[in-house]
Every structure is written in structure tokens, then in C-alpha cells.
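*Asks:* give me a model of this one.
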Amino acid sequence: MDNFDFPDNTIKAQTYQYQNLAQGTTLFKGQRAWYYGLKAELDGRKIIYVILSNGQVLCDSKKDVSGKIINQIKDNSINYRSDIISLGIQSWSIDAINYFVPDGNMTPKSSLELYLTIKKNIDYYMDLKDPLDLDIISLFVIMTYCFQLFESVPYLYLVADISSGKTTLSNLIANLSFNSVDASNASRASLFRVVEGNSPLLIIDDYMDLNKETMQDINHLMKVGYKKGAIAIRMDESSKNKDVNVFSVYCPKVITNTLSLDKAIESRSFIIRLTRSFSDKGRKKKDFDNPKWQSIRDDISLWVMKNWQEVETTYKTLEANELSARDFEISLPILTLAKMVSDELYQSVKEHIIELVKDRDVIVDYKKDWVYLLFDSCKEIITDSNEGWHYASKIYERFNLQMLEQFGKNTYSINLIGRKLKNSTLQAIRDEKGQKYYLSIRDINENLIRLGYPTYPTEPTSNENVSNVRNV
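*Replies:* The predicted model follows:
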């Protein structure tokens, strides 16, 4: 393949084929620098660039003065793994990079101005139950561009019922953040590659609607991926020798759901509780093709390029004795960025985080949670009858009674309940009368554990051979 002879410190590419890679710190000629990587295509030819915080641009296919093709990235001993998954938006546009790279001396927006710009654009579309949550979310967006500076990162958990704006908010966060990826649209094979190769913000929308296999992968990513150095070991079933691959899974994540999560995952999260809004904000058109969004992403990228060292120093010197060790660990990146904005914001955010931690630890009334009530209905059927096969219509009938008792009405259709049961681990078969599920305390508890709910005491089963009954 031919190579290009580009002028120094110039990025050439067809932007519609532009792909983001990861970011982080590296060594360049003995000096630490922040880097941003990208892979571009020009006339069908792939080029990898690394842009350094000193304004230097390195290329993997560069002609030297003698005409020899050299790999500047490799020759400068920059460890950079380019496992590429195409992403939909540019975190840092090529036009903005080319303004920066001549000498690296561009002046970014102030920390305060950047934070207020992000906050204003989220607030325009969202009514939040607690306005202080907007501070956490705005700082979280900035964090996605520099999380490799931190030893651990928090997740955002957006919890709300239907039509409360959780998907709208996750879309806004995704559009403003670095390398956002919708996990529900990624295949199991690509999910781990994209986390390692792109250092993305992983968006997990409607967690409960994930299929069982994807949910297992996501759970592993969430339980270990909050900490730098976390890995996942995956066997490549398609390879002849069943090759084993090791992937980095460290990245920020946003989860949306209508109910509680596994307690270990919640302990790594800031829980943002959303309520249904009746203002005009929710009806405003979200024009994500508007150039203003790219401008904001460009501003954040430049801000990190110019301020990464101060962010790192602040991170290493902050203390917050009011928080436990674990809560301080996941809160520190947000507190660091708040401190970069102002002392007043730092104090306000710290106090709000303390309240969020208390809120996370409040005992939940599971009888107000419709998914819990669904499995509780299954348990009641077992109590009244026996463990064994029961039709979905019977489960829905009992669920409907529970909803009427708790709320005076049932707004969940039998089709929705059917989908929830289908996504559970309950064994199912179909006969001429319809779909039916095998209900046992053990299987119900398995699903309750999977969803982060309390379980029922194990009761003796009947003398029937359960394994034979299940195979009827």
C-alpha cells in the first residue's frame, strides 16, 4: 500500500470515515505527555495518528528526509493498541486538531466556562429531581475525556420508571462525552474489543431488557471495570485452538434501569433518580447534528490537552475524610474536576455526594417495585400450589392482583410481562394452551440475586423428581 507524505503536524483525512481511538498518558522523548489517538482514512487508505499535548503529531506511515517510510509512533516507543471499532461521533474533530497542532499553544476555555456550557446544554432538555445532580453529570462528562488519569471511576446509574427521561438524559450524556458506545448494540464478540481499543463511555440503556448472555458480560464489565488495570479473560470460540484473549475493561459507564441493580454495582455508582416531568423541556427537539455539540466536544478535548497535569496533581492531593474509603475512591475524579472549577463547587459537590451515598444505602421498599412483584407473584403461586409448570397467563393474573393491591391499578400489559419472563432464567416450554414456566424457590431466587433483590428462604421441594418434571 502506498503511503502519504504529509507536512509535519497536519492531519489529513476524509472526516466521514474518521474513527476515534483511545487517550491517555505516554512518554515522548523522556517527557510525559497526554495523547489522543485517531485512525482516519483517505482514499481508502488507513492512517493512524497520535496527537501529543505538546502539539506534536506522530504518524504510523511517514516519509523521512530520505524517502523511507517510518512509523513514528512505534519509533518513539509509544505503546498504543489500535483495536478499532467504528464510532458514530467525533470526540475531537480534525479541524479542531489542526488548529491545535501547529504549536500546541491554543488557549482553552476556562474550567468554569467549560463546566457551565455543559451544564447549560443538559439543563435545557432535562428537569432533574435534584438540581445538584446536574453538577455531578456535567463533571462526569468531562471525566470521560481524562479518566485514564484516575485509578478508578464512578458510574452513573439513572433510575426511573417509564417516560421519566432516563433515555433522553443518557443520550445527552453520550453526545457530549468521549467515545460513547451503546452496549446494547454491540455484539458479545466486539464488546470487550471496543472497551479496550476505544476507551469509551459505555452506555447501558434499559439494563433489564438485555438478553441473558449480554447481561452476564455487562455485569462482569461493571463489577470490575471501575478500577484501572481491570481485565476480562475471554475465549475465542471461533478460533481453531480456542485462543484466550485478555482485555482491559476499565472505562466509565452509564446505566439506565427501572429498578435496583446488584449491590456491588450500585456501590460503584452515583444513583440519579429521575421523575416524570410535565414541563416543556421533555418536548424540545434534540438536534444532535447541530454543530454546537461538536464544538463542545472539541472544547473539552482541548481543555484536557492543556490541563491534564493540573488535573493529575489535584487528584493526588485531595482528601475527603467524610467519605468511606470506597466512596472516596470512586468520588475522587468528580471531586478533582469540581476543584478545578472552583472551591465553592468542590464544597457543594462533596456535600451532595455524601447525600447520594446515604440515599444509595436507604433500604428499598421492594413491594413498590413492579419487577420484584412479578417474581413475588411467582412465589405466591408456588405457596398456593406446588413447584412445577405454570402458565404465563396464571402468573399475569396473580401479578395483576398484586399491582391492584399495591397501587390500585396495573399499567403493565401481559406482553410486557411475557418479555420480562422470557429474559429471565426461568425454564420455559410451550404447548397448545400457551407459554408456561417452571417455578421453584431456587429458580426464583436465582433471578432475584441476578437483579439485586433479597431472596426467599429455601423451602423443601415435593418428592417429585424435579429434573424429570422439568424435562416434561
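*Asks:* check which helix or strand Ile382 maps to.
*Replies:* helix 370-384 (DSSP states H and E).
*Asks:* which helices and strands does that helix pack with?
*Replies:* Where contact means 3 or more C-beta pairs under 8 Å, 6 or more residues apart in numbering; DSSP states H and E, helix 370-384 is packed against helix 392-407, helix 414-422, strand 434-439, helix 441-451. Where you see a C-beta, it was placed from the backbone N, CA and C, and this is true even at glycine.
*Asks:* mind putting these in JSON lines, mean pLDDT and mean neighbour count included?
*Replies:* Listed next are the helices and strands packed on helix 370-384 as JSON lines, based on pLDDT from 0 to 100; neighbours: other C-beta atoms under 10 Å:
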{"stretch": "helix 392-407", "mean pLDDT": "90", "mean neighbour count": "17"}
{"stretch": "helix 414-422", "mean pLDDT": "89", "mean neighbour count": "16"}
{"stretch": "strand 434-439", "mean pLDDT": "94", "mean neighbour count": "18"}
{"stretch": "helix 441-451", "mean pLDDT": "85", "mean neighbour count": "18"}
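*Asks:* quote the end-to-end distance of stretch 246-263.
*Replies:* 26 Å (C-alpha to C-alpha, to the nearest Å).
*Asks:* that stretch: which residues count as buried?
*Replies:* Residues of stretch 246-263 classed as buried by neighbour count (16 or more other C-beta atoms under 10 Å): 247-262.
*Asks:* now it, how far from the centre of its chain.
*Replies:* Computed by C-alpha atoms, centre = their mean, to the nearest Å, the chain-centroid distance of stretch 246-263 equals 6 Å.
*Asks:* let me see the mean pLDDT of that stretch.
*Replies:* On average, the pLDDT along stretch 246-263 is 85.
*Asks:* also stretch 300-312?
*Replies:* For stretch 300-312, mean pLDDT rounds to 96.
*Asks:* can you give me how far that stretch is from the chain middle?
*Replies:* Distance, centroid of stretch 300-312 to centroid of chain: 22 Å (C-alpha atoms, centre = their mean).
*Asks:* which residues does it contact?
*Replies:* With contacts defined as C-beta atoms under 8 Å, 6 or more residues apart in numbering, stretch 300-312 is touched by 23, 25, 34, 36, 51, 53, 91-92, 96, 100, 104, 106-109, 111, 114, 118, 141-142, 145-146, 149, 176, 178, 336-337, 340.
*Asks:* again, 6 Å this time
*Replies:* For stretch 300-312, the surrounding residues in contact (C-beta atoms under 6 Å, 6 or more residues apart in numbering) are 34, 53, 92, 108, 114, 142, 145-146, 149.
*Asks:* and the buried residues of stretch 246-263, which is closest to Pro291?
*Replies:* Nearest to Pro291 out of the buried residues of stretch 246-263 is Val254 (C-beta to C-beta; 24.1 Å).
*Asks:* for the closest one, name its beta-bridge partners.
*Replies:* On the basis of DSSP bridges, Val254 is bridged to Leu156, Ile203.
*Asks:* that one against Leu156, yeah?
*Replies:* Yes. Contact criterion C-beta atoms under 6 Å: Val254 and Leu156 qualify, at 4.6 Å.
*Asks:* what's the burial count for Lys281?
*Replies:* Per other C-beta atoms under 10 Å, the neighbour tally for Lys281 reads 15.
*Asks:* thought Asp123 was touching it, still the case?
*Replies:* No. Lys281 lies out of contact with Asp123 (C-beta under 6 Å); the separation is 8.4 Å.
*Asks:* distance of Lys263 from Leu451?
*Replies:* According to C-beta to C-beta, to the nearest Å, Lys263 stands 11 Å off from Leu451.
*Asks:* list the buried residues of the longest helix seen in the chain.
*Replies:* When the chain is parsed with DSSP state H, its longest helix is helix 291-317. By neighbour count on 16+ other C-beta under 10 Å, the buried set for helix 291-317 is 293-294, 296-308, 311-312, 314-315.
*Asks:* after that helix, next one along is what?
*Replies:* helix 325-341.
*Asks:* ok, then the element right after that next one?
*Replies:* Later in the chain than helix 325-341, the nearest helix or strand by DSSP H and E is helix 343-360.
*Asks:* so how far is that following helix from its chain's centroid?
*Replies:* Its chain's C-alpha centre and that of helix 343-360 lie 22 Å apart, by C-alpha atoms, centre = their mean.
*Asks:* please apply the same query to stretch 165-185.
*Replies:* How far stretch 165-185 lies from its chain's middle: 8 Å, per C-alpha atoms, centre = their mean.
*Asks:* residues in contact with it?
*Replies:* With contacts defined as C-beta under 6 Å, 6+ apart, stretch 165-185 is touched by 20, 87, 91, 122, 126, 141, 144-145, 158, 160, 194, 198, 200-205, 254, 256, 274, 282, 288, 293.
*Asks:* what stretches of the stretch 151-300 of the chain score poorly on pLDDT?
*Replies:* 161-163, 236-242, 259-260, 277-278 (pLDDT under 70).
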